[in-house]
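Peer 1: how would this look folded up:
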Amino acid sequence: MGVVTRLPGKLSPLPDHVRLGIVSRVGTKDLAGVPMQKDGDGYGIVIGEMGQHLATASVPILAVSWVVPNHCVPVMNYAISQQAGVVTPMPPTLTSNPITFAWTAPGATYVGVHITTEHGTAYVENYFYVEGPSVSRFYSQTGQPYAGPFENRIFLRFGNPPGPGIQVLARAACPNDVSGAIAILQLADNQRVGADTDHVSWHWSLNGQLVLDVGPDAAWLFYQNQVTQISAGNSGDIDISDAPATELGPPFRLVSIGAGSPTTPETYHTCLMFRSSAPGAIWVTLAVLTWSWEGYSELEDKEWSPVKEPKNTVNPIGVASNILPTWTTNTNTGRWELGFGQQRPRYEHP
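Peer 2: Predicted coordinates:
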């Protein structure tokens, strides 16, 4: 059994023989009390570790009502696949016993519970310090939008050959008592429109949807299948590159990346993720790097023009975040469809 905390105060008188507490554990391991960085003593836990908290009493429990503050952002689960990323948040009222959840942000926090027995109601708290890796770098180097030949075909592409459009470099370091893995999930908000040789408008079916970027032929869940293991007290790196593109050619005479009024560029969210080595831990977000690009090309005298109005985010830097990425489909499901969709091409022929 885990260590039971002190009872900070009684909401109603209880006989001396009534003992109340909270048993907290991760997997099959009871959490041991460790010195906190502030606010006294508490339990050590790591972001993403699924902790179970059980209200206990020396007499039958009639009801419980849990208090879980959201400053460390608790979630009950986070499930990911190529098809979907789904967060199960904490409900506003918690009356089951036990409860199981993970924190997704570091810091000092607690779990409290109002326990009702036939002798009345009292309140108990367990204090915690939530740890996680530190991100020492998460930055990028960007190229230029390009329209023209690449690998014997014609593309509108972010990344002037032979270079990619963006290279992202990430490094995270684990504290001495934390180990796990880092990986990158990338979400894409594709914004593409076109017009064919008959001046009929087309749009990309995923315009305006934030979807998982699974790469060519749905090849990966974590970007470029990279997962880096980090042992306690050490650091690990992940470096990726990307060159989003769409092929130019029939039936189009105009293809645009980013369109509409006002203009909406094609945007990507590159999420640096971490999972503790504890059994049953979930992936959580450490930081997010956001980037975008746009431009268009026209068929002129049977030749595709160099990219017009090129624009892209220049060397963006990642920012700390604990927001878990969610999606309901992926880039592999996108296709060209007739009509404007929610956007219009940059110009229309009379």
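Peer 1: What average pLDDT does stretch 90-99 get?
Peer 2: The pLDDT scores in stretch 90-99 average 94.
Peer 1: So what touches that stretch?
Peer 2: 52-55, 61, 63-68, 70, 74-76, 101 (Cβ atoms under 8 Å, 6 or more residues apart in numbering). Where C-beta positions appear, they are placed from N, C-alpha and C, glycine not excepted.
Peer 1: Sort out for me which of those residues are in strands.
Peer 2: Under the assignment DSSP state E, the contacts of stretch 90-99 contribute 52-55, 63-67, 74-76, 101 to strands.
Peer 1: Could you dump those into CSV and include distance to His199 and neighbour count?
Peer 2: Listed next are these as CSV, based on distance: Cβ to Cβ, whole Å; neighbours: other Cβ atoms under 10 Å:
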residue, distance to His199, neighbour count
Gln52, 62, 17
His53, 64, 23
Leu54, 68, 17
Ala55, 69, 23
Ala63, 69, 12
Val64, 67, 21
Ser65, 64, 16
Trp66, 62, 22
Val67, 62, 12
Pro74, 54, 21
Val75, 49, 20
Met76, 52, 16
Phe101, 55, 22
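Peer 1: all strands in the stretch 251-350 of the chain, in order from the N-terminus.
Peer 2: 252-257, 266-276, 284-300, 303-304, 308-312, 319-320, 336-338 (DSSP state E, counting those that start in this stretch).
Peer 1: Any buried residues in the third one, and which?
Peer 2: The neighbour-count check on strand 284-300 (16 or more other Cβ atoms under 10 Å) flags 284-299 as buried.
Peer 1: Of those, just say which sits nearest to Thr246.
Peer 2: Distance to Thr246, by Cβ to Cβ, is smallest for Ser297 among those, at 9.8 Å.
Peer 1: Distance from the chain centre to the helix or strand harbouring Ala108, please.
Peer 2: Following DSSP states H and E, one finds Ala108 within strand 107-117. Offset of strand 107-117 from its chain centre (Cα atoms, centre = their mean, to the nearest Å): 28 Å.
Peer 1: Also stretch 134-146?
Peer 2: 18 Å.
Peer 1: ditto for stretch 192-203
Peer 2: For stretch 192-203 - counting by Cα atoms, centre = their mean - the centre lies 34 Å from the chain centre.
Peer 1: One more: stretch 49-69?
Peer 2: Using Cα atoms, centre = their mean, the offset of stretch 49-69 from its chain centre is 29 Å.
Peer 1: before we move on, what about stretch 299-312?
Peer 2: Between the centre of stretch 299-312 and the centre of its chain there are 35 Å (Cα atoms, centre = their mean).
Peer 1: so which of the strands of the stretch 251-350 of the chain gets nearest Ala170?
Peer 2: That would be, of those and by Cβ to Cβ, strand 266-276, which comes in at 5.1 Å.
Peer 1: Make CSV out of the strands of the stretch 251-350 of the chain and add distance to Thr197.
Peer 2: Shown next, in CSV, are the strands of the stretch 251-350 of the chain (distance: least, Cβ to Cβ, whole Å):
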stretch, distance to Thr197
strand 252-257, 5
strand 266-276, 24
strand 284-300, 8
strand 303-304, 13
strand 308-312, 19
strand 319-320, 44
strand 336-338, 14
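Peer 1: Could you point out which of these sits nearest Ala188?
Peer 2: Set against Ala188 and scored by Cβ to Cβ, the strands of the stretch 251-350 of the chain come closest in strand 266-276, at 5.3 Å.
Peer 1: what pairs with that closest one, and is each one parallel or antiparallel?
Peer 2: On the basis of DSSP bridges, the sheet neighbours of strand 266-276 come out as strand 180-189 (antiparallel), strand 284-300 (antiparallel).
Peer 1: Okay, angle between the last one and strand 308-312 too, please.
Peer 2: Relative orientation of strand 284-300 with respect to strand 308-312: 170 degrees, computed using axes from the mean of the first three to the mean of the last three Cα atoms, to 10 degrees.
Peer 1: Which strands or helices does the helix or strand containing Val193 pack on?
Peer 2: Assigned by DSSP H and E, Val193 belongs to strand 192-196. Where contact means 3 or more Cβ pairs under 8 Å, 6 or more residues apart in numbering; DSSP states H and E, strand 192-196 is packed against strand 201-204, strand 252-257.
Peer 1: Next, the angle strand 252-257 makes with it.
Peer 2: Inter-element angle recorded for strand 192-196 and strand 252-257: 170 degrees (by the same axes, to 10 degrees).
Peer 1: Give the closest residue to Pro161 in space, chain neighbours not counted.
Peer 2: In space, and not counting its chain neighbours, Pro161 is closest to Phe150: 5.0 Å by Cβ to Cβ, 6 or more residues apart in numbering.
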